[in-house]
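Peer 1: Got a predicted model here, sequence first, then my questions.
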Amino acid sequence: MTRKLKVAVVGLGVGQTHISRGYLPNPERFEVAAICDIDASHLNAVGDRFGIERRETDYLEILGMDDIDVIDVCTPPGTHKALMLAALKAGKHVICEKPLVGSLADIDELLDAESRSSGHVMPIMQYRYNDGAQKAKHLITTGIAGKPYVATCEVHWLRDAHYYEHDWRRHWNDALGGVLMNHAIHANDLMFYLLGPVRSLSARIATRVNRGIEVEDCASVTVELHCGALATTSATLGSVEPLSRMRLCFENMVIETDSRPDFTAEDAPWRFIPANDEIARRIDEALAEFAPPPTGFAGQMQGFHNAICTKTPLPLTLADARHSLDFATAAYWSAKTYSPVPLPVMADHAFYHGWQNAI
C-alpha cells in the first residue's frame, strides 16, 4: 500500500498551483493537510477553495505539527533560506520554489544542514517534466540525436508596472534577481538538463523595460558547454508578443519547442526534425517504447514521493539548484566585469556570497 505524505504549503501564490497541478493529481500519494500565509483573508479563501481545514498565519505553528512530512515553500525568494533551514532542523522534508536562494554560500549552507537532517530538499524545476522534454532527453541519451552543435533559448515575456505592484519583485534583496533568476531560470535549467553543464559564459544584463526597479529585465548570455556545443540564451520582460522558444541543433536532428504566449510545462509543443528517413524511423521506434512520467508538477511530485518512500535519490536535488546558481553567479559577474567567466565559481569568488547590491 502506498504511503501518503502529508504536506503543508507555505505561501499561497504559486502554492495554489502546486496544490492543483502537483498534489491533487496524486491523491494516493499526498494529502495537503495544512496551509500557511501571512494574509489571513487570502489564507481562508484558498482553504475554502481546496477544503483544507488547518490554516495558519504563523510558520512556527506549521513546524510544530508532528504529522506533517513535507513543507512546500512558495514564499518570496528572499525568505526561502530561513524557512528551509528551520524545516530541516525540525526534521521535515522540503520542496521549494525557484529561485531557491541568492548565493552559492546559501546553497552550501543548505547542503550542510540537509546532511545533518532526516529531511531532504527538492527544488522545483517542473519544466523538465514536460512530455516533449522527457522525449528529447530520451533521444539524446540513447545517442539517436548525435553530436550537439548549437542551441538557442528565448524567454521573451511581458511584465509591466502592474507586475511590480508586488513590491518584493522590485528589489535585489527580496527577489534575489530579475529576469535571469525569476523568469528564465526554468528554461535555462531545461536547456542544461538536455545538453549538460556549462564550461564558460559571457553575459550582459540591463533594466530597460520597467522604470524604478533595481533588478534586470533584459539579459543575453553566450555559453560554451562541456559537451562542446555553443548556446545563446536571451530573456526580456518587454516582448509585446510573449513567447518561450528553444532550438537545439544536433548531428542527426533538430529539437525545437515554441510556446506562445508564456511557456508552460504542461502544454508546450515539441518537434523532432530528422536528418533523413533512417533517423525518422529510429526516432519513431525509440518513442514508441518510451513512457514519460506525468507532465509538469504532477510528474515531479510523483518522483519526489517515490524517492522519499523508497529511500532513493530525489529527482532533483540541491546539487541541481547549485548548478543554476553557479550559472547565475557567473552571469552576474560577467555582466559586471564585461568578461568571460569559467565555471564552476569557487568559494573565494567575489560573488560567492551573492551579487545583490553589487551590480
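Peer 2: Structure's in. What do you need?
Peer 1: low-scoring stretches of the stretch 251-359 of the chain, by residue?
Peer 2: Counting by pLDDT under 70, the low-confidence segments of the stretch 251-359 of the chain come to 261-266.
Peer 1: what about the helices in it?
Peer 2: 277-288, 296-310, 318-337 (DSSP state H, counting those that start in this stretch).
Peer 1: Figure out which of the ones you listed is closest to Leu24.
Peer 2: With respect to Leu24, and counting by Cβ to Cβ, the nearest of the helices of the stretch 251-359 of the chain is helix 296-310 at 8.7 Å. Yep, even glycine has a C-beta here, placed from its N, CA and C like the rest.
Peer 1: tell me which strands and helices that closest one is in contact with?
Peer 2: Helix 296-310 sits against strand 5-10, strand 93-96, with contacts defined as 3 or more Cβ pairs under 8 Å, 6 or more residues apart in numbering; DSSP states H and E.
Peer 1: Just the buried positions in that helix, please.
Peer 2: 296-305, 307-308 (16 or more other Cβ atoms under 10 Å).
Peer 1: got the angle for that helix vs strand 5-10?
Peer 2: On the basis of axes from the mean of the first three to the mean of the last three Cα atoms, to 10 degrees, helix 296-310 is oriented at 130 degrees to strand 5-10.
Peer 1: And the strands in the stretch 101-250 of the chain, which stretches?
Peer 2: 121-123, 148-158, 198-206, 218-225, 230-236, 238-250 (DSSP state E, counting those that start in this stretch).
Peer 1: Deepest-packed of those strands, please.
Peer 2: Ranked by mean neighbour count under mean count of other Cβ atoms under 10 Å, the strands of the stretch 101-250 of the chain are led by strand 121-123, which reaches a mean of 25.
Peer 1: ok, how many other residues are close to the residue nearest to Gly238 when sequence neighbours are not counted?
Peer 2: Once flanking residues are discounted, Gly238 sits nearest to Val209: 3.6 Å by Cβ to Cβ, 6 or more residues apart in numbering. Val209: 19 surrounding residues under other Cβ atoms under 10 Å.
Peer 1: Asn340 contacts Ser202, doesn't it?
Peer 2: Let me fix one detail, which is that residue 340 is Pro and not Asn. Yes - proximity of Pro340 to Ser202 meets the contact threshold set by Cβ atoms under 8 Å, at 4.6 Å.
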